[in-house]
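Q: Below is the sequence, then the predicted model.
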Amino acid sequence: MPLIIVTEEPDVDFDKKYTYLMYSFLVERIGILMKTLQHCPICKSESILHDFHGRCEKFPETQTWELYKCESCSHGFMNPQPDFEELSEYYTEEYGPYDHENEGSIEPLIEKAKKTGVHRDVKITPGMEILDVGCGGGSFLRVAQSLGAKVQGVEPSEHAYKVCRSFDLPVYHGMLDDYIADGKTNKQFDLITSSHVVEHHPDPVAFLGDMAKLLKPGGKISIAVPNAGCFWSKQLGDHWYPIQLPFHLMQFTLQSAETLANQSKLKLVNISTSELPAALAAILRTWLRHKLFIPRKLTVLLPFIFNPLSNWLSRYMDKKKQGQAIILELDLAEK
């Protein structure tokens, strides 16, 4: 069946209606071409079941994407799945991670990192050779570089690549397997990071396997992915912002993230969650709107409640491993 289902026509004028109908026609054709999975992309189990319909965040809410769940490892995934070319219209210049200003001014991030020696949950030391896979607009590379690290990025988006080059960052334009295939440009690294990228990849096991090829003995891999098994995801379904359909082909849980590490023949050093107070405050507002039907205008007027509450609650959620992001620390498995 098609990946996107059109349930009703929106109330639009003739020109917009014509465009919408043409889009719907193309969507049906694309759906036929999409790859239908018969097994879990992580553990390869054939015990997969349809989970729910998820709304597309870019187009009207009348369009949905199908999500399946693995009964063996609890992993969630879109099924059928589009490839990167089919999703290219979504990865525009407006896509947040491609903007170097997405995290706000970078100077406070640099100052904080200089005090702690840590950025994005990883310790960075002078002279360390770091590869950031899916580096977006390059903010992590800029912070790491300011701490004396030798950095390299890999980024498939042309727009994001140009943003990185505007800061003279050494970034390879292409996919990770392209980077590896180009033997003139790659080497091994002390640290490989990939923040909220793995969930975009159709084959996470192969993706981590490629990272392992570029890791020095004794080096570390740090991965961050959304935690689709957290409390807020279960409460909000497709209203949970980090689900981000159709960008996120994969929906990880703690169990499936650990399975990913094992399937990739990497050693799992640590698994934890990360809950940012600002992200939690936003989810609290979303929960109030969709569960208690409190108007948006009212929820945005309560920062004096949300700010202190989210600061405390974020620590509690991470203690219970219920934070909205999963952090995996990996190294090479012993032979």
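A: Good, I have the coordinates. Numbers count the residues shown, from 1 in each chain.
Q: Can you give me the end-to-end span of stretch 237-244?
A: Its start and end residues considered, stretch 237-244 measures 11 Å (C-alpha to C-alpha, to the nearest Å).
Q: Let me see the ranges of the strands in the protein.
A: Using DSSP state E, the strands of the chain run over residues 4-6, 48-55, 63-70, 76-78, 118-119, 122-123, 129-133, 150-155, 171-173, 189-195, 215-226, 250-251, 266-274, 325-332.
Q: And the helices in the chain?
A: Taking DSSP state H as the test, the helices found in the chain are 14-33, 106-116, 139-146, 158-166, 176-181, 204-213, 231-236, 254-263, 277-291, 296-299, 303-319.
Q: Show me which positions of the fourth one end up buried.
A: What that stands for is helix 158-166. Judged by neighbour count using 16 or more other C-beta atoms under 10 Å, the buried positions of helix 158-166 are 159, 160, 161, 163, 164. (Each C-beta comes from the backbone N, C-alpha and C, glycine too.)
Q: Serialize the helices of the chain to TSV and add fields for distance to residue 189 and mean pLDDT.
A: Listed next are the helices of the chain as TSV, based on distance: least, C-beta to C-beta, whole Å; pLDDT from 0 to 100:
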stretch	distance to residue 189	mean pLDDT
helix 14-33	37	38
helix 106-116	19	92
helix 139-146	11	96
helix 158-166	17	92
helix 176-181	12	94
helix 204-213	9	96
helix 231-236	32	94
helix 254-263	18	97
helix 277-291	29	90
helix 296-299	43	81
helix 303-319	28	85
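Q: Now those in a markdown table, please, with extra columns for distance to residue 75.
A: Compiled in a markdown table, those are given as follows (distance: least, C-beta to C-beta, whole Å):
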| stretch | distance to residue 75 |
| --- | --- |
| helix 14-33 | 22 |
| helix 106-116 | 32 |
| helix 139-146 | 26 |
| helix 158-166 | 27 |
| helix 176-181 | 21 |
| helix 204-213 | 9 |
| helix 231-236 | 13 |
| helix 254-263 | 3 |
| helix 277-291 | 22 |
| helix 296-299 | 32 |
| helix 303-319 | 21 |
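Q: Of all these, which one is nearest residue 79?
A: helix 14-33 (11.6 Å; C-beta to C-beta).
Q: Identify the bridge partners of residue 151.
A: residue 130 (DSSP bridges).
Q: quick one, what contacts it?
A: Neighbour list for residue 151: 130, 131, 132, 141, 144, 145, 169, 170 [criterion: C-beta atoms under 8 Å, 6 or more residues apart in numbering].
Q: okay, now residue 281: neighbour count?
A: When neighbours are defined as other C-beta atoms under 10 Å, residue 281 has 22 of them.
Q: try residue 179
A: Residue 179: 22 surrounding residues under other C-beta under 10 Å.
Q: mind checking how far it is from residue 225?
A: Remark: distance between residue 179 and residue 225 (C-beta to C-beta, to the nearest Å) = 21 Å.
Q: what do you get for residue 75?
A: 11 Å.
Q: Common neighbours of these two, please.
A: 250, 252.
Q: Put together JSON lines for the strands of the chain, with mean pLDDT on each row.
A: As requested, the strands of the chain are arranged in JSON lines below (pLDDT from 0 to 100):
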{"stretch": "strand 4-6", "mean pLDDT": "33"}
{"stretch": "strand 48-55", "mean pLDDT": "91"}
{"stretch": "strand 63-70", "mean pLDDT": "89"}
{"stretch": "strand 76-78", "mean pLDDT": "96"}
{"stretch": "strand 118-119", "mean pLDDT": "94"}
{"stretch": "strand 122-123", "mean pLDDT": "93"}
{"stretch": "strand 129-133", "mean pLDDT": "98"}
{"stretch": "strand 150-155", "mean pLDDT": "96"}
{"stretch": "strand 171-173", "mean pLDDT": "96"}
{"stretch": "strand 189-195", "mean pLDDT": "97"}
{"stretch": "strand 215-226", "mean pLDDT": "96"}
{"stretch": "strand 250-251", "mean pLDDT": "97"}
{"stretch": "strand 266-274", "mean pLDDT": "96"}
{"stretch": "strand 325-332", "mean pLDDT": "97"}
